[in-house]
Each structure stands twice: as C-alpha cells, then as structure tokens.
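> Here's a sequence, model it:
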Amino acid sequence: MATLDWSLLHNRFYRKIELYSLLWRDVDLAKHLVAAAPLGGPVALIRNDSRSLALNAVVGAKQNLFIYTCAGKLINQIQWDKGRIVAMSWSSTEHLVCVLESGSVRILDIWGDAVTFSLGQDAKDSGVLDCRFWESGLVALTGNLKLILVEDFKIPRPTIMADPGLTTKPSAWVVIPPQHAGTKQPEVLLAVKSTLLIVNAQNFQDQRLQSGPFVSLALSPNGKFISFVNTSGKVIVISADFQKQLAEFNAGTTQPPIQMAWCGADSVTIHWEDALVVVGPFGDCIRYAFEGIIHLVSEIDGVRIITNDKCQFLQKVPNVTEEIFKIGSTAPGAILFDAYDHFQRKSPRADENIRSIKSELSLAVDACLEAAANEFNSSRQKLLLKVGRPSFGKCFIDGYNAEKFTNLCETVRILNAVRRFEIGIPLSFPQYVYFICPTLLIGRLAQRHHHSLALQICTYLKINPSRVLVHWACTKIKNSVSGGDISLLLDSIVSQCTKYNPSISYLQIAKTAYQQGQSALAAKLLDHEPIAANQVPLLMSMEQDDRALTKAIESGDTDLAYAVILHIKRKHPMAEFFRILKGKPVAMNLVVSYARVQDIQLLKDFYYQDDRRTEMAGVQLQESFELSQVGSRINKLKEAQRLYLESKDRGFEAKAVEDQIRLLQLQGTLERETGEVFCDLTVSETIYKCLVLGHVNRAAKVKSDLKVPERRYLWLKVKALVEQRNWEALDKFVKTNPKSMPLSSVVEVLTERNELAQAKIYSEQLAKGQQGNQEGGSSFLGLFKSALPSAPASAPVVGSGTSSS
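Numbers count the residues shown, from 1 in each chain. The predicted structure follows:
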C-alpha cells in the first residue's frame with residue numbers, strides 16, 4: 001500500500017524511501033569524515049578517528065580516500081599522503097574539494113586528477129581549524145580566527161574577510177552563498193556568545209539576538225530560512241532577513257545535535273545519536289530511530305540519509321501523490337485511479353467515476369502522470385502511467401496533448417535507468433526537471449565512465465553524442481597500454497565515433513593522445529579531423545610544422561597560414577625555414593607578400609636561396625629609390641644591373657638601369673655645379689630644369705649623353721622659354737626651327753601655360769599660312785577668340801615690329 005511509509009507532520013505527510021542497501025562493507029561512518037554530493041552525487045570517505053590517525057603516524061602508513069556511488073559501489077580508491085583533511089565537500093561539477101590543515105586546498109575529480117592552491121600566508125602560518133562550502137566556493141577559519149574567502153574554485157583568489165574580533169572559535173557557523181545573500185556576495189553567519197554575526201568581505205553586523213548561545217546552524221536550500229539550535233535544546237526557524245520567527249520546537253535535550261539539515265524548504269531534520277527528528281513549520285515533529293551515526297544530505301525536495309548500510313530519502317509527499325493515495329481523497333486524480341481499479345475488476349462503477357469527473361478529467365490525467373514521475377517504486381509508476389495512458393484516462397478526453405504523456409514517459413525511463421544500483425544516481429523528478437538538465441546528466445554519466453548509458457540517452461533524446469564520444473575516446477587512450485598497437489586503438493575509436501556521429505571533431509581526442517605521449521596516434525587522429533583549421537595549433541605544439549603549414553593552406557584561412565609561417569620562421573634557422581616552404585607555392589607567395597611590406601631582408605634571402613635573380617634585381621631597384629645619397633643609390637642600381645645581365649631575356653631592363661645610372665651620375669654633377677636639386681627627376685625634367693635655369697650647354701650634354709630625340713629636346717626648350725616668358729627668344733627660336741617646331745605645338749604649349757595673349761598671336765600667324773596649315777590655324781584662332789576676345793593693351797606683340805624687353 002502506498003501510504004504504509006507515510007508519517008503525518010501537522011497536516012502534511014512525509015515518507016522515507018529506501019533507495020539502496022549499500023554495497024560497501026564494514027564502513028562505520030562515526031570513524032570517517034564524510035562528504036556526499038547533492039543531486040544523487042558521489043560519496044567520499046576518509047578515516048578521521050584519532051586512533052587511526054595516531055596509528056598511521058607511528059607506522060608511516062598512508063590513508064585511503066574512498067569514493068562511492070550513492071549505492072555504495074566503489075568508484076575509486078585514492079592513496080592519500082597530502083596531510084590531514086579538515087573538511088571536504090563536492091563542487092557543482094562533482095569535484096571533491098579537500099581543505100588541509102596546512103592551509104592548502106586540493107580539488108580532485110572522481111578519478112584522482114587534482115589541482116592545488118594555497119589559502120594564503122595566514123592559513124599557512126596558523127593552520128585551518130574549520131571550513132564551510134557552497135557549490136562554487138568556500139570560507140575557511142584559520143587558527144588565528146581569521147576568515148578566508150575563495151569565491152570561485154575555477155579562479156581561486158583567497159581574500160581575508162572583515163574581522164569581527166573573534167576571541168574564541170564560533171560555537172556554530174554557516175555560509176550564505178552569494179545568490180542568497182542580500183549583498184550578492186558571500187556572507188558568513190557566526191554564532192558568538194548569545195547572538196549571531198553576519199560577516200562579509202567589507203564589514204560585519206551584530207543581529208543582537210537574545211536566544212543564544214547557538215550550537216548548530218543551517219540554511220535552507222532556497223536561502224529563505226535559517227534554523228538554529230541553542231544550548232537549551234530549542235529549535236528556532238527564522239526568515240533569512242531576521243525579521244520573522246517562523247517556528248519554535250523544544251527538543252527536550254541540551255545535548256548538541258550531530259548534524260542539522262533542511263528537508264527541502266519545508267522542514268528541518270536534526271540528528272542526535274540514534275535518533276532523527278523532523279521539525280515542521282508549526283512546531284510538530286516526527287521521530288525516526290537510527291543506530292549509530294548517520295549523514296544527512298540536504299536536497300531541494302527532501303533530505304538524503306546515509307547510514308552504515310542503507311541510503312534513504314526523506315521527503316514531503318508530493319501534492320499529487322497525496323491527493324491520489326490519501327485515504328478518503330475525492331480529488332480528480334484519486335477518483336480516476338479508483339475508476340481504473342474498478343475497470344480492472346470489470347465493475348460498472350468505473351464508468352460512474354469517469355462521468356463524475358468529466359469536466360476535470362484532464363487535471364486527473366495530469367495528476368496521475370505527475371505522481372508516476374514522483375514515484376521511486378517502479379510497480380507504482382507503471383500503475384499510475386496505465387491510469388493516464390491513451391487506452392484509459394486519456395482516451396476519454398477530446399484533443400488531449402499526447403506529447404505531455406510521451407515526454408513524461410521518457411523522463412521516467414531515464415530516471416529509472418540512472419537509479420539502478422549499478423549506476424547509483426537516485427535523482428528525484430524535481431531534481432531532474434529543475435536542476436539537472438539531460439545534457440548535464442549525460443556529462444555526469446560520462447565522467448563516471450558510464451558511456452554506454454550516456455550514448456543510449458543521447459540516442460533516445462536525439463541529443464548530439466559528440467561530447468560522450470570524445471570523453472569515451474580520451475578515457476580509452478588514457479587507459480591504453482603504452483607501446484601497444486595504435487592501429488587497433490585508432491580503428492576502435494574511429495569506427496565507434498563514426499557510427500554515432502560522422503562529423504565528430506577529433507581535436508580533443510588527438511590532444512589527449514599527445515598529452516599521454518602517443519604522438520603517432522595523435523597525428524593519425526588529426527587526419528580524421530573534418531575541420532583543417534582545428535588541426536593546425538596541435539600540429540604546431542607537436543612540432544610537426546610541415547604538416548601544420550600544409551593543413552593551414554588547405555583550410556583557406558590566410559591569417560592561420562601567416563600564423564604558421566611566422567611560427568616556423570621564429571623557430572627554425574633560415575635555411576630550414578625555406579626548405580619547409582619549398583614545394584608550397586601558396587606559402588611562398590604569402591611569404592613574398594608579407595616580406596615586401598614588413599621584412600625586405602627576408603624577401604632578399606628568399607629570392608637568393610630560390611635563385612630568382614630578376615625578382616632580386618627588382619628588390620635592389622626598390623631599395624635604391626629609398627636611398628637619399630646618390631653614390632649609394634648608384635651602387636644599388638649597379639647590383640640590379642648585374643642581376644639583370646645574369647638573367648635570360650632581361651637585356652631591356654639592364655639597358656634601362658644603365659641609363660638610370662648615367663642619369664644619376666649627370667644629376668650628381670649638376671647638383672655639385674649648380675647647387676640645385678636634380679635627383680629623382682626624369683630625363684625630360686632634368687633637361688627642362690637646366691634650360692629654365694639658363695644652363696643650355698648642360699642641357700645639351702644631358703641630351704647628348706642620354707640620346708634624347710631632337711624633337712623632344714626642342715619641345716622642352718619651347719616649354720622652358722615660355723616658363724621664362726622670354727618672348728623674343730621664343731620668336732627667334734620658332735623662326736629658326738619652322739619644321740622641327742611647328743606653330744601648332746607652340747600654341748599648344750602657350751595654352752597649357754595659360755599664356756593666351758601670346759597663343760593668340762601665334763594662332764593668327766598660323767591662320768595666315770606662315771606654316772601652310774590654314775585649316776589648323778583657323779581652328780586654333782577660333783579657340784582663342786572664344787577664350788579671349790581681344791588681347792590686353794599691355795600685351796607685347798610679336799612679329800609686329802615691337803620686341804619684348
């Protein structure tokens with residue numbers, strides 16, 4: 001009968017469910033330090049009795065730290081030689097946090113892999129007396145009565161909290177996690193004399209209570225209530241803001257309790273030797289008898305009780321369960337359940353019951369389904385699911401959403417699978433739904449090496465199994481025999497991973513293989529990595545730079561390829577660097593592009609080793625233009641000319657460089673003789689500047705040495721005369737060179753220099769047929785007549801008997 005294990009507390013029922021008969025043997029909790037993780041987590045035990053510690057100290061024996069499932073099945077046994085553990089607890093990620101008397105903290109996973117950090121110099125010098133934990137941090141009490149806070153195990157930064165001026169160790173204390181504290185930072189509640197102190201990182205506050213001294217404190221899982229026991233045996237429950245007293249109970253004993261823990265947020269469980277008392281909100285209680293010491297683990301919907309031989313779960317009976325099974329209940333769920341019983345016995349009362357709750361039938365079905373989810377007894381689960389299944393309760397409802405029934409059946413099946421004693425995770429329905437999502441449960445199963453079940457759940461819920469497969473493969477590599485046949489191991493990993501997820505990433509698996517000293521296996525695993533860019537960083541760390549560069553190029557990521565190239569350049573001698581690049585044209589082109597902008601010497605070395613003389617000559621040319629001294633520039637050009645001469649089919653370039661050298665030499669001479677700047681000018685610009693400055697002979701020499709065409713030279717001379725505004729010399733020059741310098745060209749030069757008056761004169765001459773090109777002259781004349789209707793009075797007239805001065 002469902003109500004046989006129910007006990008009444010005021011107006012609500014509580015039930016104590018036996019989860020497991022523990023598989024461990026000869027374990028006495030009274031002689032052990034115990035840490036049990038919430039939400040069906042593992043249990044850690046280490047001997048802590050003075051006799052055992054003294055014996056170990058004499059003979060030099062090492063202790064063992066045992067980690068069990070909730071069913072008492074041994075997960076791991078770790079040899080402990082790191083010093084005395086003052087306190088230990090489990091983090092939210094199921095890592096065991098051990099605080100040592102010496103002031104250091106070790107965080108272990110269930111397989112013994114550990115990280116260590118120190119609580120600081122105060123803890124090291126004075127030692128640690130006690131410690132309190134929450135899911136992601138801790139507060140330690142040192143020998144000099146200082147409180148040291150570590151807010152995050154992932155980034156441990158010990159800080160000393162405000163000093164409340166303690167002179168003796170608090171009689172009881174508890175930590176208020178940041179999510180429940182009013183200041184949104186961790187707080188400590190200290191029982192000092194007859195009052196309570198609240199301490200945070202900056203200050204402390206006396207609550208000025210008069211009901212102390214207190215010997216035990218506990219915070220509810222939701223952070224809304226605080227319970228404490230004083231020296232006179234009174235159990236008091238108040239709100240977390242100390243504004244309201246909610247309950248008071250006289251335990252009838254002045255003996256301090258061994259442990260106090262909340263049963264959800266509804267009641268407080270207090271453990272004295274051989275007895276467990278459950279105190280409700282109205283001062284009522286339930287007493288349970290136990291032999292010896294037990295350990296209590298507060299859960300969000302109850303309390304887990306671990307004894308020497310059993311694991312039990314005490315909870316308030318869920319509302320829907322009470323409505324259905326409570327004697328005399330007339331709730332819709334109870335009537336539907338009764339209707340199913342009559343239906344099984346083929347009684348007509350089944351139809352009567354269904355009709356009586358027709359309007360509330362959907363609520364009745366939901367209640368039966370929820371009650372099934374809250375059950376730990378599989379037979380009762382099946383019975384309740386049958387009541388709400390499509391063939392009975394649900395079939396009487398039009399348009400009922402069947403997805404709710406399907407999802408709940410999935411949840412019940414998963415919960416039953418993980419509750420089996422082989423797995424030992426006794427999650428309740430509220431714990432699974434509100435605090436453990438399927439992804440987190442799958443991760444915990446993988447962490448305990450239940451990969452097969454984790455994969456089944458992934459398949460069942462259509463969740464990507466990559467995380468489980470990667471964890472399984474990494475575990476397999478860690479447990480493999482060193483020096484074994486890697487091909488068999490590789491085939492096993494690849495075949496299983498491909499079976500469940502063909503697109504799985506092998507990066508983490510390969511990284512684990514490399515960390516385990518199996519570089520060959522890591523390299524082969526990386527060949528199966530679908531994303532080439534993911535392979536590169538690990539290949540570089542494995543010192544397989546050639547393969548890393550190839551994969552980076554295949555990825556098409558230019559930045560990644562540059563990162564590999566620069567890594568190789570920093571790491572290897574230049575000759576080895578170029579050897580790795582050889583045969584990789586994409587990488588060579590990237591090096592050239594980079595070196596042109598960032599490292600000219602690298603570009604020269606690259607061209608030299610690759611015997612690219614033409615490109616090397618181009619670099620020499622580029623460098624020459626960046627130099628300011630003529631001599632240095634000429635030397636660079638001569639080197640470029642030599643390289644062009646040594647290359648095939650580069651005669652034109654060699655001749656052009658030779659002419660440039662000759663031009664620079666002439667420009668250097670001109671600068672010395674005239675004091676003007678000629679470097680960086682072209683041949684035409686050099687001649688033009690000489691003519692403008694009046695150095696006609698020097699201009700003629702440049703023309704002669706560099707073989708400048710006569711027509712270009714004359715055109716430059718016309719431009720120079722126009723620049724000088726020497727109209728008389730221009731007129732004379734035009735008349736003496738009528739064929740080499742036609743009037744149309746003169747007019748064009750004058751127009752470009754905006755000498756429109758002079759241009760008009762020559763245009764008129766051109767129109768009169770002085771050069772025999774009347775049509776062209778007419779067009780020029782028309783142009784200048786439209787631009788300038790009449791010449792200014794002051795403009796000199798060329799060829800009219802008046803010469804310009």
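> low pLDDT regions in the stretch 251-400 of the chain?
Along the stretch 251-400 of the chain, the model assigns pLDDT under 70 to residues 390-400.
> Break down it into its strands, ranges please.
259-263, 267-272, 275-279, 285-289, 295-299, 302-306, 310-316 (DSSP state E, counting those that start in this stretch).
> Please state the offset of the host helix or strand of Glu685 from the chain centre?
Under the criterion of DSSP states H and E, Glu685 resides in helix 683-693. On the basis of C-alpha atoms, centre = their mean, to the nearest Å, helix 683-693 sits 67 Å off its chain's mean C-alpha point.
> returning to that earlier point: in TSV, list the strands of the stretch 251-400 of the chain along with mean neighbour count and distance to Gln77.
For every residue, glycine as well, the C-beta is placed using N, CA and C. Formatted as TSV, these follow (neighbours: other C-beta atoms under 10 Å; distance: least, C-beta to C-beta, whole Å):
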stretch	mean neighbour count	distance to Gln77
strand 259-263	23	26
strand 267-272	24	28
strand 275-279	21	30
strand 285-289	14	32
strand 295-299	22	19
strand 302-306	26	18
strand 310-316	22	20
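> can you put those in a markdown table and add distance to Arg420?
Compiled in a markdown table, those are given as follows (distance: least, C-beta to C-beta, whole Å):
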| stretch | distance to Arg420 |
| --- | --- |
| strand 259-263 | 25 |
| strand 267-272 | 27 |
| strand 275-279 | 27 |
| strand 285-289 | 26 |
| strand 295-299 | 19 |
| strand 302-306 | 17 |
| strand 310-316 | 13 |
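> Can you pull out the low-pLDDT segments for this protein?
Within the chain, the ranges that satisfy pLDDT under 70 run 1, 49-61, 390-400, 623, 626-628, 738-741, 769-805.
> need the longest strand for it.
Secondary structure assigned by DSSP state E gives strand 12-21 as the longest strand of the chain.
> helices or strands up against it?
Judged by 3 or more C-beta pairs under 8 Å, 6 or more residues apart in numbering; DSSP states H and E, strand 12-21 is in contact with strand 6-9, strand 310-316.
> can you give me the angle the longest one makes with strand 12-21?
Strand 310-316 and strand 12-21 are oriented at 160 degrees to each other (axes from the mean of the first three to the mean of the last three C-alpha atoms, to 10 degrees).
> now strand 310-316 and strand 302-306, what's the angle there?
Calculated by the same axes, to 10 degrees, strand 310-316 forms an angle of 160 degrees with strand 302-306.
> Show residues contacting strand 310-316.
Strand 310-316 is contacted from outside by 12-22, 70-72, 263-264, 266-267, 269, 278, 288, 299, 301-305, 376, 426, 428, using C-beta atoms under 8 Å, 6 or more residues apart in numbering.
> ok, 6 Å please
12, 14, 16-21, 70, 263, 266, 301-305 (C-beta atoms under 6 Å, 6 or more residues apart in numbering).
> Give me the buried positions along the helix or strand encompassing Glu673.
Taking DSSP H and E as the definition, Glu673 sits inside helix 651-674. Buried residues in helix 651-674, defined by neighbour count with 16 or more other C-beta atoms under 10 Å: 653-654, 657, 660-661, 663-664, 666-668, 670.
> ok, and what's touching that helix?
Residues outside helix 651-674 that contact it (C-beta under 6 Å, 6+ apart): 630, 634, 637, 640-641, 644-645, 678-679, 683, 702.
> Give me the ChimeraX select line for those, limited to the buried ones.
Buried residues within the contacts of helix 651-674, by 16+ other C-beta under 10 Å, are selected in ChimeraX with:
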select :630,634,637,640,641,644,645,678,683,702
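> Grab the two from the contacts of helix 651-674 that are most spread out in space.
Spatially, the most separated pair among those is Leu645 and Phe678, at 27.0 Å (C-beta to C-beta).
> gap between stretch 560-572 and the chain center?
25 Å.
> Pull out the buried residues from that stretch.
Residues of stretch 560-572 classed as buried: 560-565, 567-569 (neighbour count, 16+ other C-beta under 10 Å).
> Contacts for that stretch next, please.
By C-beta under 6 Å, 6+ apart, the residues outside stretch 560-572 that reach it are 533, 536, 540, 545, 548-549, 552-553, 577, 580, 590.
> For it, list the C-alpha coordinates in PDB.
Output in PDB follows, covering the C-alpha atoms of stretch 560-572 (Å, rounded to 0.1, in the frame of the first residue of the first chain):
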ATOM      1  CA  LEU A 560      46.100  31.000 -40.000                       C
ATOM      2  CA  ALA A 561      48.600  30.300 -42.700                       C
ATOM      3  CA  TYR A 562      50.500  33.500 -41.800                       C
ATOM      4  CA  ALA A 563      50.500  32.400 -38.100                       C
ATOM      5  CA  VAL A 564      52.100  29.100 -39.000                       C
ATOM      6  CA  ILE A 565      54.700  30.700 -41.300                       C
ATOM      7  CA  LEU A 566      55.800  33.200 -38.700                       C
ATOM      8  CA  HIS A 567      55.900  30.400 -36.100                       C
ATOM      9  CA  ILE A 568      58.200  28.400 -38.400                       C
ATOM     10  CA  LYS A 569      60.300  31.500 -39.100                       C
ATOM     11  CA  ARG A 570      60.800  32.200 -35.400                       C
ATOM     12  CA  LYS A 571      61.500  28.600 -34.500                       C
ATOM     13  CA  HIS A 572      63.800  27.400 -37.300                       C
END
